[in-house]
Every structure is written in C-alpha cells, then in structure tokens.
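**Student:** structure for the following, please:
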Amino acid sequence: MSRERQKARAAREVARQVEVEQAARKRQRATRRQAVVPKLPARTRRRRYGALPARVRYQVVVSFLVVQAVGWYFLPGTGARLSLAVLTAACLAVLVITRRSY
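**Tutor:** Have a look, this model is predicted:
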C-alpha cells in the first residue's frame, strides 16, 4: 500500500473515531437528560367539539348572510325577518354540530 493511501486511511480512521466518541457523548447526555426531566404525558392534538376549518367557517358565514339578505328583501315585516334570522342561525348551528370531523 502506498504512503498516500495509508495517510488517507489513517485520517479516515481518526475521523471515524471522533464520530464514534461524539455519538457516545450524545447518547450519555440524552440519558442524563431523560433521567433528570420527568417524561410528560403525550398530548394529542384534537379539535374541539364543533370546531371548523377556516374555509368551512367562511362558507357558513357567507351562506348565512346571503339567506338574511334575501329574507330581508322579500319578507314583509320585522317579525318575519327576525324569525328567519333565528331559524337560519339554528339550522346552521345544527349543521356545524352534526358535521363529521375527518
């Protein structure tokens, strides 16, 4: 084997030795850290009941406003308009609550 190849091999061995030592120190540090810090229970991310993505929320708001605009334009009297608003809000609440979350 030539001297250049021997030098390159020795350099690789030294580099590998350094990597092994660093990995060992890292494992020791991790085990010490785990021993000191108690493990917290894993928190799973769940949606709250009735929470909707932003796009669906916007669709619900726009549909509510469209129904209200049409109702206020075509229905005579304030009582009918307010009852339409309450009925529409109730229907949208039922849609939101019974919506499946995927």
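**Student:** what's the domain layout of this structure?
**Tutor:** Domain ranges of the chain: 1-41, 54-98, per automatic domain parsing.
**Student:** where exactly do the helices run in this structure?
**Tutor:** 3-36, 54-74, 78-98 (DSSP state H).
**Student:** buried ones in the second one?
**Tutor:** To tie it back to what came earlier, the one meant is helix 54-74. Within helix 54-74, the residues that count as buried by 16 or more other Cβ atoms under 10 Å are Val60, Val67, Gly71. All C-beta atoms are positioned from the backbone trio N, CA, C, and that covers glycine.
**Student:** tabulate these (a markdown table), appending distance to Glu19 and pLDDT.
**Tutor:** Output for the buried residues of helix 54-74, formatted as a markdown table (distance: Cβ to Cβ, whole Å; pLDDT from 0 to 100):
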| residue | distance to Glu19 | pLDDT |
| --- | --- | --- |
| Val60 | 56 | 80 |
| Val67 | 67 | 85 |
| Gly71 | 73 | 84 |
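**Student:** pick the one among these closest to Arg25.
**Tutor:** Distance to Arg25, by Cβ to Cβ, is smallest for Val60 among the buried residues of helix 54-74, at 55.4 Å.
**Student:** and that closest one, how far from Val86?
**Tutor:** 16 Å (Cβ to Cβ, to the nearest Å).
**Student:** contacts only, for Leu75.
**Tutor:** For Leu75, the contact set (Cβ atoms under 8 Å, 6 or more residues apart in numbering) comprises Arg81, Leu84.
**Student:** quick check: closest non-adjacent residue to Leu95.
**Tutor:** Val60 (7.4 Å; Cβ to Cβ, 6 or more residues apart in numbering).
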